[in-house]
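> quick one, fold the following:
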Amino acid sequence: AGGRFACRCGALVLVASPPLLAEPLALLAPGPTDDARLVVAVGPHGEVYAPDGKGAWIRTQRITTVDPLMVAGRAAGEIVAAGDGVVYKLAPNGWSAIRLHQKDKAVMARGPRAVAAVKRQLYALHLAARGEPEKLALAPSPVLAIGAGKTIVIAMATGLARVDGKRVEPLAGAPKQVVSLVDDRWAIVATGAFDLRARKTIAWPGSTVTAATVGPTGSLVAVGRRAGTLELLTLETSLVREAIEVTPPATAVGIVVDRAGRIAIALADGRILMRDRGSWATTSVVSQLPVPRPGAGPARSP
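Now for the predicted structure:
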């Protein structure tokens, strides 16, 4: 798979060819180091596409999960993902469920600091106490969403609160409801992004954001869709918009940015866009699976 470049209004845009055999993607997990070229693409049911170091992402293991996955991150160097209330950890031989509770469902933060919660109890997935994730603070009401950075921000039915150690303090001036939390600074709201530190909304008129992350300097970097065209949105104190025209249009499901300025974007139809040194390239994930052999099935929730 490849792409061609076109110039429109002085801006370089990528016109990417569709994959011949689409293998859908749902998530993009950060790599083991600060390098967007090492991200791991994940399919809707845990299909893992790893970078080969030559610009391709290849699935070589016949491993999946029963539950569709919705969010991915890293915990102590390992990839973790969550879906339908179950948190999974990726091991060399497949996915395994992390038991946080016998029956109740969990929610998990995205990104490099993986934090989870079951009802009111928060857990650090990268820390283990007697073989289980370490318990953190106890929220005043059930946690609906988590954003993690240096501190933790949680969304509850009563509004947002910041968690610092064992302390849980309501966030004054924050919206009561958000679409999602990106980290402990940025929240996605209906009209744009809300800066939890500056306590203000930065709007992106006409754009529907489907993937967002935090850049190395703390800026919000997101991918939106406006009038059938993808655009890169960068927010610090103001909004910068950059068109990424991809043919055919597709929904972005994940984005990772590194300190060198490289950007990796996963599209739902199986394509990965990579920007390096200002130039865009595109590829499609592929499967090179071994012949099936009798063995364990997909990872199941407890």
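> what sits up against the strand ranked longest in the chain?
Ranked by number of residues, the top strand in the chain under DSSP state E is strand 121-129. Residues from elsewhere that reach strand 121-129 (C-beta atoms under 8 Å, 6 or more residues apart in numbering): 73, 75-76, 80, 87, 89, 98, 100, 108, 113-117, 133-139, 143, 146, 152, 154, 163. Every C-beta, even on glycine, is put in place using the N, C-alpha and C of the backbone.
> and that strand, what's its mean pLDDT?
For strand 121-129, mean pLDDT rounds to 82.
> and that strand, which residues are buried?
Using 16 or more other C-beta atoms under 10 Å as the test for burial, strand 121-129 gives 121, 122, 123, 124, 125, 126.
> just these now: which is nearest residue 167?
residue 122 (11.9 Å; C-beta to C-beta).
> now that closest one: how far from residue 73?
15 Å (C-beta to C-beta, to the nearest Å).
> circling back to that earlier point, kindly indicate which of the buried residues of strand 121-129 lies nearest residue 253.
Checking these against residue 253 with C-beta to C-beta, the nearest one is residue 125 at 21.5 Å.
> chain neighbours aside, what residue packs nearest to residue 93?
In space, and not counting its chain neighbours, residue 93 is closest to residue 63: 7.7 Å by C-beta to C-beta, 6 or more residues apart in numbering.
> what's the burial count for that neighbour?
By the measure other C-beta atoms under 10 Å, the count of residues near residue 63 is 21.
> check for me that it belongs to a helix.
No: per DSSP: H, G, I helix; E, B strand; the rest coil, residue 63 lies outside any helix segment and is coil.
> give me the low-pLDDT residue ranges for the chain?
Low-confidence segments of the chain (pLDDT under 70): 1-21, 128-131, 293-302.
> recalculate using a threshold of 50.
Applying pLDDT under 50 to the chain picks out residues 1-20.
> any of the contacts of strand 121-129 buried? List them.
When the contacts of strand 121-129 are checked for burial by 16+ other C-beta under 10 Å, the buried set is 73, 75, 80, 87, 89, 98, 100, 108, 113-117, 133, 136-137, 139, 143, 146, 152, 154, 163.
> out of those residues, list just those in strands.
Under the assignment DSSP E, the buried ones among the contacts of strand 121-129 contribute 73, 75, 80, 87, 89, 98, 108, 115-117, 133, 136-137, 146, 152, 154, 163 to strands.
> what distance do you get for the nearest residue in space to residue 46 that is not next to it in sequence to residue 31?
Nearest non-adjacent residue to residue 46, counting by C-beta to C-beta, 6+ apart: residue 65, 3.7 Å away. Noted for residue 65: a distance of 21 Å to residue 31, by C-beta to C-beta.
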